[in-house]
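Asker: What would the 3D arrangement of this be:
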Amino acid sequence: MWSCDQILEGLNEAQQQAVRHGDSPLLIVAGAGTGKTKTLVHRVAHLIARGTPPQRILLLTFTRRAADQMLRRVDTLLRQTQAGAGRIASGQPVWGGTFHATAARLLRLHGPLIGLEPSFTIHDRGDSEDLLDVVRTELKLDKSDKRFPKKQTCLAIYSHVVNARLPLEEVLANNYPWCVDYAEPLKQLFQAYVDLKERSTVLDYDDLLLFWRGMLADEQAGRRVRERFDCVLVDEYQDTNRLQAEILKLLRPDGVGLSAVGDDAQAIYSFRAATVRNILDFPQDFPGAQIVKLEQNYRSTNLILEATNAVIAAARERHAKTLWSTRTGGQKPLLVTCDDEGEQADFLVRRILEHREAGIDLRKQAVLFRASHHSILLEGELLRHNIPFVKYGGLKFMEAAHVKDLLAFLRLAENPRDVVAGQRVLTLLPGIGPRTSSKQASSGCCNARNTTASRPIPGNSPKP
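Answerer: Numbering: from 1, shown residues only. Predicted structure coming up:
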């Protein structure tokens, strides 16, 4: 066992408390910008440094990339501090990944104990939609009613039922009200879909979690899986669904060695069956759990955090916390109400220009939006005012293929000699590829140039 003092360096008091915590259930309520990832990384490193074998630690994250980054940071931290060097050199890494990736790995190892062949195939979402469509066609559901939900919608409904652990009728009523009348044929479709997957030894993403839960519920298989791990750490716990919560309860029934990190104020994935109840009910689900709150914010000023705290305080049910920062200064945030998106775009452009006149460079101004398509009107206003901009996250509106196609038609109507526009229009015709379109567009342009070859060049005297 090694000294762990170096691993605690650079952490504030609350972070150190979370890192040093023992084996009882732990919930780390981490506000935005409070160093949640850093705390989780140091806790994993601390567990290894105090003697927990890396291969007996399971780190569950929202994305595979997050798991990879955290594990690299754990490795770097241990090497820098010389704590646990022997452990990381042993070649036995921490188990890290998403719920689905971990489920697949465990099912390959222990699936035979519940009758699952380890050679099962995993279908991604596209494959699952296609297989579901095969069943849909066999049952002639698409022919009996032209308004029957498409394969994408059917799979979304099926996935929501599985992950939310709710009856189909309730899911339809709450999330897909336009499909309520199709409850019975959807049940028929889903049963046939499940039967076909079983005959084909195929699992979809939802099956990975279902079979993991089923394996944990089995007396022999569940004991084998639980014996693999001493510590389980879960990131972004506010974004887990009911099925994932059931898996954790079966994996750590008494909560020993379980650490969950999240923030109920950042729960935004309810449309994907995630439920904030998991993080709110953690103390009831795992009696004796200790709650550590990370409240020191390292990103924002107190003026912004005061507004943030006021918004969070309006929640009917929450883990109470007050974000604060040592950073001072800055402007007080404004809440501006606009009647529509057009007025919103106009307001933003006016503010951008006002800031520019006040000496703030355009490159030092940014506009944040939730989804790429929310920027369409703003992009149009920026272009109209000749304000240059760079868009991160998706194509600019004017760069989208369908927009460029339409503009090509308009440009060609305005100028039939435009080679680029002509080539783009030609490729939209059936049976014409890039090579043919390029040849035809260039030929048309050459002919056009020949008809104007005798025109005088500006600045030169015309030839006699």
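
Asker: from here on, contacts and neighbour counts on C-alpha atoms
Answerer: Will do.

Asker: isn't Lys321 right next to Lys293, touching?
Answerer: Yes: at 7.0 Å, Lys321 counts as touching Lys293 under the criterion of CA atoms under 8 Å.

Asker: and for those two, which residues touch both?
Answerer: Gly31 (CA atoms under 8 Å, 6 or more residues apart in numbering).

Asker: Among these two, which residue is more densely surrounded?
Answerer: Lys293 (23 against 15; other CA atoms under 10 Å).

Asker: The more buried one is in contact with Ala32, isn't it?
Answerer: No: Lys293 lies out of contact with Ala32 (CA under 8 Å); the separation is 11.4 Å.

Asker: give me the number of residues near Leu431?
Answerer: Rather than Leu, residue 431 is Gly. 8.

Asker: quick check, it in a strand?
Answerer: No: assessed with DSSP: H, G, I helix; E, B strand; the rest coil, Gly431 is coil; it does not lie in a strand.

Asker: Could you report the separation of it from Val425?
Answerer: From Gly431 over to Val425 the distance is 13 Å, taken as CA to CA, to the nearest Å.

Asker: do Glu341 as well
Answerer: Counting by CA to CA - Glu341 and Val425 are separated by 32 Å.

Asker: more crowded one of the two?
Answerer: Higher neighbour count among Glu341 and Val425: Val425, with 19 against 14, using other CA under 10 Å.

Asker: For the more buried one, which three-state class applies?
Answerer: Note that with three-state DSSP, the state of Val425 is helix.

Asker: My guess is it contacts Asp405. True?
Answerer: Yes: Val425 lies in contact with Asp405 (CA under 8 Å); the separation is 6.9 Å.

Asker: Just checking, which helix or strand of the chain averages the lowest pLDDT?
Answerer: The weakest-scoring helix or strand in the chain, judged by mean pLDDT, DSSP states H and E, is helix 85-88 (a mean of 49).

Asker: Just name whatever secondary elements the helix or strand that comes right after it is in contact with.
Answerer: The helix or strand immediately downstream of helix 85-88 is strand 95-97, counting by DSSP states H and E. Packing partners of strand 95-97 (3 or more CA pairs under 8 Å, 6 or more residues apart in numbering; DSSP states H and E): strand 57-60, helix 64-81.

Asker: Show me which of these has the highest average neighbour count.
Answerer: strand 57-60 (a mean of 23; mean count of other CA atoms under 10 Å).

Asker: now the strands for the stretch 1-150 of the chain?
Answerer: 26-30, 57-60, 95-97, 121-123 (DSSP state E, counting those that start in this stretch).

Asker: got a markdown table for these, with distance to Glu381 and mean pLDDT too?
Answerer: Written out in a markdown table, the entries for the strands of the stretch 1-150 of the chain read as follows (distance: least, CA to CA, whole Å; pLDDT from 0 to 100):
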| stretch | distance to Glu381 | mean pLDDT |
| --- | --- | --- |
| strand 26-30 | 38 | 98 |
| strand 57-60 | 43 | 96 |
| strand 95-97 | 43 | 92 |
| strand 121-123 | 43 | 94 |
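
Asker: So what's the residue count around Val134?
Answerer: Neighbour tally, Val134, other CA under 10 Å: 15.

Asker: Distance check, it against Thr153.
Answerer: 15 Å.

Asker: Would you confirm that Tyr158 contacts Phe190?
Answerer: Yes: here Tyr158 reaches Phe190: they are 7.1 Å apart, a contact under CA under 8 Å.

Asker: where exactly do the helices run in the stretch 101-250 of the chain?
Answerer: Secondary structure of the stretch 101-250 of the chain, counting by DSSP state H, counting those that start in this stretch: helices at 125-138, 141-144, 151-164, 168-175, 183-200, 205-217, 219-226, 242-251.

Asker: Which one, of these, ends up nearest to Ala67?
Answerer: helix 242-251 (17.1 Å; CA to CA).

Asker: Strand partners (parallel or antiparallel) of the helix or strand that the closest one is followed by?
Answerer: Using DSSP H and E, the helix or strand that follows helix 242-251 in sequence is strand 258-262. Strand pairing for strand 258-262, using DSSP bridges, gives strand 26-30 (parallel), strand 231-234 (parallel).

Asker: sorry, back to before: let me know which of the helices of the stretch 101-250 of the chain is tucked in deepest.
Answerer: Of all the helices of the stretch 101-250 of the chain, as judged by average neighbours under mean count of other CA under 10 Å, the leader is helix 205-217 with a mean of 21.

Asker: Show the secondary-structure elements that that helix is packed against.
Answerer: Using 3+ CA pairs under 8 Å, 6+ apart, helix 205-217 is in contact with helix 99-110, helix 151-164, helix 219-226, helix 242-251.

Asker: try 7 Å
Answerer: Judged by 3 or more CA pairs under 7 Å, 6 or more residues apart in numbering; DSSP states H and E, the packing partners of helix 205-217 are helix 99-110, helix 219-226, helix 242-251.

Asker: can you list the residues that contact it?
Answerer: 100, 103-104, 107, 114, 123-124, 159, 162, 221-222, 247, 250-251 (CA atoms under 7 Å, 6 or more residues apart in numbering).

Asker: Now do the contacts for Ile312.
Answerer: Ala265.

Asker: And it, how close does it get to His319?
Answerer: Distance from Ile312 to His319, by CA to CA: 10 Å.
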